[in-house]
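> Here's my sequence, what's the structure:
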Amino acid sequence: MSGSAAEAARDPVRTGSAVTITDVARVAGVSTATVSRALAQPDSVRGPTRARVLQAIRELGYVPNAAARSLRRGRTRTVLIVVPKRANPPFFAEVLRGIDVTLAAAGYSAIMGNLDEDGARERQLAELVFSGHIDGVIVLSGILPRIDDRSILEAAIPIVSACAPIDQRGYSVLTDEGEAIVAALHHLIELGHRRLAHLAGPDGNFNAETRWNALKRFMSGQTEPGITLEKLQGQFTFEGGEEAAAAFLALDPAPTGVVACSDEAAISFMKALRAAGRRVPQDVSIVGFDGIEFADYCEPALTTVCQPRFLIGETAARQLLAFLDGNGPTERHVVLPNQLRVAGSSAPPPA
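Reported below is the predicted structural model:
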């Protein structure tokens, strides 16, 4: 596939117009009919030819016109929502509600597929997409179901990701989490804290890496002497907060301010510290991330970064509905603002 052909076909993406099946055909060096057959009836197209078509689709970020597809095979008015294994239920519950309410208002039903540990469910979900029984997919946290070496991107149906991108060519709904977690750290610095810690999420996770990298950039630009930031490895879960607390209690001197990767982790971290005799916020201030309902009902109430969870789901659903209406979203990447909410778990450090 020549670089000039691919570059020319990508021009519509840069100017905001949609990549067409003609662009895919030109880059792959085949007819538009061959592209259609490669997507709808892959067994009818020779392996090398189909591989060129799929490579062009991936390079260009092509999404077929949903209105045209519906004329060919009829709509099911069903959308698949892919949730990662061991998803954070308190966080995702409101995101899912935003998706469901918006899809239902447009006359669509939703099927939720939770990716399991052994991959069997992942294969089932991918087969469901390739079967043609799904009109579109919303993927949470950027994880795509696969069958062997084929991801559902190759099914060429509309896909929108929420909370984490699939790739830069895809359509996604994100939040300004890097800026937001820096605001949380800055809140503790303004209160007077100088020894700080970040209870991080799992290695390799998009959200965890985005937040930690934003904190590192902020710290590299710090000119005020004496401010330090320790990284505590953890998870987004209640269990992750408990495990991080054990590592924190072994530090000497211990940080006086902690920014956690999630509210779940912050709440269990706070509980473990209090059980060890540390007072919150008198000895240690803690800031969470997510704005889940539990944050209001722990003691003390948790200072946290509130993500617009319902709006994330609603916006992702509207992005997908724009595809299904045949128009396509006006923005490739939507970034929603988060908000720091100060409560009882943060205060000036001990004298």
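> Now for residue 165: which residues touch it?
Residue 165 makes contact with 142, 172, 174, 206, 333 under the criterion C-beta atoms under 8 Å, 6 or more residues apart in numbering. Where you see a C-beta, it was placed from the backbone N, CA and C, and this is true even at glycine.
> what do you get for residue 345?
Residues 266, 270, 280, 281, 285, 286, 287, 288, 300, 301, 302, 303 are the ones in contact with residue 345 under the rule C-beta under 8 Å, 6+ apart.
> So for it, what's the pLDDT?
pLDDT recorded at residue 345 is 97.
> gap between it and residue 50?
With the distance defined as C-beta to C-beta, to the nearest Å, residue 345 ends up 56 Å from residue 50.
> among the contacts of residue 345, who's most crowded?
Ranked by the number of neighbours (other C-beta atoms under 10 Å), the contacts of residue 345 place residue 288 first, at 33 neighbours.
> which SS state does that residue fall under?
strand (DSSP: H, G, I helix; E, B strand; the rest coil).
> Tell me what it is bridged to.
Counting by DSSP bridges, residue 288 is bridged to residue 304.
> Tell me how far residue 193 lies from residue 113.
When distances are taken as C-beta to C-beta, residue 193 and residue 113 turn out to be 43 Å apart.
> now the strands for the stretch 51-200 of the chain?
Under the criterion DSSP state E, counting those that start in this stretch, strands of the stretch 51-200 of the chain are mapped to 78-83, 109-114, 136-140, 146-147, 150-151, 159-162, 171-175, 195-199.
> what lines up beside the fifth one in the sheet?
Neighbouring strands of strand 150-151 in its sheet, by DSSP bridges, are strand 146-147 (antiparallel).
> How is this structure partitioned into domains?
Using automatic domain parsing, the domain parsing of the chain gives 3-60, 76-175+310-336, 177-308.
> For residue 350, which of the ones you listed is the nearest?
Using C-beta to C-beta as the measure, domain 177-308 is the one of the domains of the chain that comes nearest residue 350, at 5.9 Å.
> From what I see, residue 173 and residue 319 are in contact.
Yes - judged on C-beta atoms under 8 Å, residue 173 makes contact with residue 319 at a distance of 6.4 Å.
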